[in-house]
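Colleague: Fold the following, please.
(4 chains)
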There are 2 protein chains.
Amino acid sequence: MNIEKLLKDSELFSGISDEAAGRIAAMGTIITAPQGRMIFLEGEKGQSFYILVEGSVRLFKSAPDGREITVKLASPGEIFAEVILFEKDRYPVSATAVTDSRLFSLNKASFNTLLGNEAFRAEFISVLMKKQRYLAGRILYLTAYDVEERFFRFLDSHYGRKASYDIPLSKKDIASAIGTIPETFSRLIQRLTQLGTIRWEGSRLEIKEEFWKKRDYD
Amino acid sequence: MNIEKLLKDSELFSGISDEAAGRIAAMGTIITAPQGRMIFLEGEKGQSFYILVEGSVRLFKSAPDGREITVKLASPGEIFAEVILFEKDRYPVSATAVTDSRLFSLNKASFNTLLGNEAFRAEFISVLMKKQRYLAGRILYLTAYDVEERFFRFLDSHYGRKASYDIPLSKKDIASAIGTIPETFSRLIQRLTQLGTIRWEGSRLEIKEEFWKKRDYD
DNA sequence: TTCTGCCCTTGACGCAGGTCAATACTAAAT
DNA sequence: ATTTAGTATTGACCTGCGTCAAGGGCAGAA
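Modeller: Residues are numbered from 1 along each chain as shown, chains lettered A, B, ... in the order given. Coordinates of the predicted model:
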């Protein structure tokens, strides 16, 4: 797939013209990151930010004791590490590809050129604000809901409410995304399976009909 | 104290000229909020954002079960609810004054005028990014540290490492700020007092010499 | 084919911290 | 002076979820 198309699907460049997309595409580079590849490390110096084109990337902070707290599991179209562009020149989180991924990377200088454009600036600010809302929401998510609730909210927000999913992630990665550990997540799955609420074979997850209806999020 | 001076001490308008400060001061209004006053409610429509001039304001989200999760305890000079300025016209959090406070409020229209200024835009974007870092840090704070650790980090980040503090907040507000409940916080205080680590009488809190040295925060 | 490493699962266990409830201590209101 | 209401403390209790440890399944490397 060509880069221009992908850019136009991203949150930052949505609604951009073909011509502009072409120019931007020429300014950055496409990076391929196989599953498990570290993209950047918290505290590391950097001068580029990224747009996830394909795959998924885990953004996390490390606690002093070595545990990793997932701040966000990014999906295609999302921008991250844009914080590097102002003031601080070190990444505030680490990023690794949890599935084979492709990223579009743009450096500070190119970005500053873009910022010269009024419409782009407005778009950029609105992306920053969306992120802020996301993070405030994640604080609520992690502190006010239990693991089961978080699991279903995770499904809902990442794939929507369906009866059947094809999950491209390992269970350990999901556990991390919902803020728990594999053991606890495994026990949750076991319990839900016994209750007949879900069925999970290979990468196919099925949720019993009727289930979503009982839940009211927000 | 005059508004211009206060604006120049805020994170958003730091380094602004006297002349510009005067113009901005004329665009907004000063609001007085006595302790306990609700400033705005999550979900409510609004067209203004605020700069805290004096006092402290608690920003929180409400869980479906009614619990309130404090997202941030704002201090003077900080800007909040700026998220209202783009796209979404509803506040994503609620805000109440936890001590008698004064706020400077600016509406959307005035803000847009300011945004016309290049330097201001850059400053604004950098404030947004600082916030983003704060929120990512708060996720780590709330999920990776225990209550004791959070308490000392709270003291450190709000007042610095001192041997003696004059705490203007109720214990319940501190409990909320550090992500716990009054009972648990009270027990922590009791334990630390018995250990001789702290002494707390009225609003005066004393930390035993030597204590901070044992801690290494980042 | 065997080894090595990673995922996933399952059991046993412990504990930090939340819930519930009772009581005292204010300080403001009547 | 007495009611009222918010804050604080303390005890008894309980539970969700993390830790530790062990074992099974599977894939890629040698």
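Colleague: Check the offset of stretch A:143-160 from the chain's centre.
Modeller: Relative to its chain's centre, stretch A:143-160 lies at 14 Å (C-alpha atoms, centre = their mean, to the nearest Å).
Colleague: and it, C-alpha only, in CSV?
Modeller: What follows is stretch A:143-160, C-alpha atoms only, in CSV (Å, rounded to 0.1, in the frame of the first residue of the first chain):
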residue,chain,number,x,y,z
THR,A,143,-8.0,2.5,39.0
ALA,A,144,-11.7,2.1,39.0
TYR,A,145,-12.5,-1.0,37.1
ASP,A,146,-11.6,-4.6,37.8
VAL,A,147,-9.8,-6.9,35.5
GLU,A,148,-13.0,-8.4,34.0
GLU,A,149,-14.4,-5.0,33.3
ARG,A,150,-11.1,-3.8,31.8
PHE,A,151,-11.0,-6.8,29.5
PHE,A,152,-14.4,-6.2,27.9
ARG,A,153,-13.7,-2.5,27.6
PHE,A,154,-10.5,-3.4,25.9
LEU,A,155,-12.3,-5.5,23.4
ASP,A,156,-14.9,-2.8,22.9
SER,A,157,-12.6,0.0,22.4
HIS,A,158,-10.1,-1.8,20.1
TYR,A,159,-12.4,-3.9,18.0
GLY,A,160,-16.0,-2.9,18.8
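Colleague: Quick one: mean pLDDT over that stretch.
Modeller: Mean pLDDT, stretch A:143-160: 97.
Colleague: Can you give me the buried ones in it?
Modeller: A:143-145, A:150-155 (16 or more other C-beta atoms under 10 Å in any protein chain shown). Bear in mind the C-beta positions are built from the backbone N, C-alpha and C, glycine included.
Colleague: Check what pLDDT A:Asp218 gets.
Modeller: Looking at A:Asp218, its pLDDT reads 65.
Colleague: give me the low-pLDDT residue ranges for chain A?
Modeller: A:1, A:218 (pLDDT under 70).
Colleague: residues in it within reach of chain B, list them.
Modeller: A:61, A:63-65, A:67, A:69, A:71, A:82-83, A:85-88, A:92-93, A:121-122, A:124-126, A:128-133, A:135-140, A:142-145, A:179, A:216, A:218 (C-beta under 8 Å from any C-beta of the partner chain).
Colleague: For DNA strand D, tell me which of those show up nearby.
Modeller: Restricting these to those touching DNA strand D (C-beta under 7 Å from any atom of the strand) yields A:67, A:179.
Colleague: Narrow the residues of chain A next to chain B to those in helices?
Modeller: A:121-122, A:124-126, A:128-133, A:135-140, A:142-144 (DSSP state H).
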